[in-house]
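A.B. asks: no sequence for this one, just the structure:
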Ligand code: NAI
């Protein structure tokens, strides 16, 4: 990138130290990818048990990456894993973990108040130059940023699950995000070997704004008795070239997550109401705890190692 040399007159923050909040599915993935690409990373969660879970997620993912990269060489695999872990510190002290951060990436629970409270605390202790961003899928970045006095240094970095495999990051700029901050966000994505796209602070950004109504419409096809989930999935894979059908995707994402996004958008009122009208089949499955892959049952049933029946 044009601004990566120190001689440049134009000098956005050159991010070296990244602190990631949340060591769950997304946070752990972001930590891993940052560490693999030579950033110094601090992973923060509420307690040691949660951090241990994050480390386990990273460890099993790194083992797969190492085997792929060095198929015949166990020594090199081990070295790669150790080298990556050497880039990662863990902490459950939010303030201490933010003192040296150039960039803070938040991937905690999807709750506006929780995110605002966290950022409001961090705003007081993080360095003046530090950039803040959220990995939220469904909350307005601008609303989270309002909890801080650095709205110009605030944006969205929306990664995709599984983070180590998915190439895309949506970089969200609010009306307040400065050009320097935006450039630094784009630069970080590129250095993580991801492909960034930029998007305004709108519901679902680009990917989910298209995918969620598409998944909802798929359920409506089934609700009207026009086709089965299997037929819809086959249709979209073989007829539209999608790698997964909408019902496979719904089960993968989690039916509760999709319902949460749709319900949130409906309340917010920025998306056409017809696109996010409630659907009985979806609400019933979630009420029964049939949430998709993670619960063993969604639109499909998942049992044991065999995966989808
Ligand atoms: P998760 O439930 O797996 O992990 C969240 C972690 O945050 C937990 O370990 C929890 O202990 C921790 N946490 C909660 N409050 C905290 C705090 N104040 N400080 C530090 N840690 C705290 O959740 P997941 O799926 O990783 O999602 C995290 C964020 O990423 C959400 O905002 C979600 O919308 C977003 N996201 C999720 C995607 C997905 O496919 N799951 C995809 C893209 C974004």
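C.D. replies: Great, that's in hand. Predicted, not measured: the structure shown is a model, and the values here were computed from it.

A.B. asks: show me the contacts for residue 163.
C.D. replies: 26, 29, 30, 32, 33 (Cβ atoms under 8 Å, 6 or more residues apart in numbering). Placement of C-beta: from N, CA and C, glycine included.

A.B. asks: May I see the residues you listed organised as CSV, with secondary structure added?
C.D. replies: Formatted as CSV, the contacts of residue 163 follow (DSSP: H, G, I helix; E, B strand; the rest coil):
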residue, secondary structure
26, helix
29, helix
30, helix
32, helix
33, helix
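
A.B. asks: and the ligand, which of those contact it?
C.D. replies: Filtering these for neighbours of the ligand using Cβ under 6 Å from any ligand atom leaves residue 26.

A.B. asks: Need the contact partners of the helix or strand containing residue 263.
C.D. replies: Take DSSP states H and E as the rule and residue 263 turns out to sit in helix 255-268. By Cβ under 8 Å, 6+ apart, the residues outside helix 255-268 that reach it are 110, 137-140, 203-204, 208, 212, 215-216, 250, 271, 273, 276-278, 282-283, 285-286, 290-292, 298-299.

A.B. asks: Recalculate using a threshold of 7 Å.
C.D. replies: Contacts with helix 255-268, where a contact means Cβ atoms under 7 Å, 6 or more residues apart in numbering, come from 110, 137-138, 203, 208, 212, 215-216, 250, 271, 273, 276, 282-283, 285-286, 290-292, 298.

A.B. asks: And the buried ones among those, selectable in ChimeraX?
C.D. replies: Entered in ChimeraX, the line below selects the buried ones among the contacts of helix 255-268, by 16 or more other Cβ atoms under 10 Å:
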select :110,137,138,203,208,212,215,216,250,271,276,282,285,286,290,291,292,298
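
A.B. asks: Kindly confirm my reading that residue 46 forms part of a helix.
C.D. replies: No: secondary structure of residue 46 (three-state DSSP): coil, not part of a helix.

A.B. asks: Now do the phi/psi pair for the residue of the stretch 151-300 of the chain found nearest the ligand.
C.D. replies: Nearest residue of the stretch 151-300 of the chain to the ligand: residue 161, at 3.4 Å (Cβ to the nearest ligand atom). Per-residue torsions, residue 161: phi -90, psi 130 (degrees, to the nearest 10).

A.B. asks: ok, it touching residue 28?
C.D. replies: No: counting by Cβ atoms under 7 Å, residue 161 does not reach residue 28; the two are 10.8 Å apart.

A.B. asks: quick one, which of these two is more surrounded?
C.D. replies: Each of residue 161 and residue 28 has its neighbours counted (other Cβ atoms under 10 Å); residue 28 has more, 29 against 15.

A.B. asks: Excluding chain neighbours, give the residue nearest to residue 99 in space.
C.D. replies: Nearest residue to residue 99, sequence neighbours excluded (Cβ to Cβ, 6 or more residues apart in numbering): residue 125, at 6.2 Å.

A.B. asks: give me every residue that touches the one you found.
C.D. replies: Contacts of residue 125 (Cβ under 7 Å, 6+ apart): 95, 98, 99.

A.B. asks: ok, and the most crowded of those?
C.D. replies: Each of the contacts of residue 125 was scored for neighbours by other Cβ under 10 Å, and residue 98 scores highest at 25 neighbours.

A.B. asks: from what I can see that residue touches residue 104, true?
C.D. replies: Yes: with contact defined as Cβ under 7 Å, residue 98 reaches residue 104; the gap is 6.2 Å.

A.B. asks: Tell me how many other residues surround the residue in the chain positioned nearest to the ligand.
C.D. replies: Residue of the chain nearest the ligand, by Cβ to the nearest ligand atom: residue 24 (1.8 Å). Each residue near residue 24 was counted by other Cβ under 10 Å, and the total is 15.

A.B. asks: could you check the distance from it over to residue 76?
C.D. replies: 30 Å (Cβ to Cβ, to the nearest Å).

A.B. asks: ok, and the nearest residue to residue 148 once chain neighbours are set aside, which helix or strand is that part of?
C.D. replies: Closest residue to residue 148 apart from its sequence neighbours, by Cβ to Cβ, 6+ apart: residue 123 at 4.1 Å. Using DSSP H and E, residue 123 sits within helix 112-125.

A.B. asks: and residue 199, what is it in contact with?
C.D. replies: Residue 199 is in contact with 170, 172, 205, 206, counting by Cβ under 7 Å, 6+ apart.

A.B. asks: Please enumerate the strands of the protein.
C.D. replies: 17-21, 40-44, 88-91, 103-106, 131-134, 154-158, 168-173, 195-200 (DSSP state E).

A.B. asks: Please tell me the pLDDT value assigned to the residue of the chain closest to the ligand.
C.D. replies: Predicted confidence (pLDDT) at residue 24: the value is 97.

A.B. asks: OK, contacts around it?
C.D. replies: Applying Cβ under 7 Å, 6+ apart, the residues near residue 24 are residue 107.
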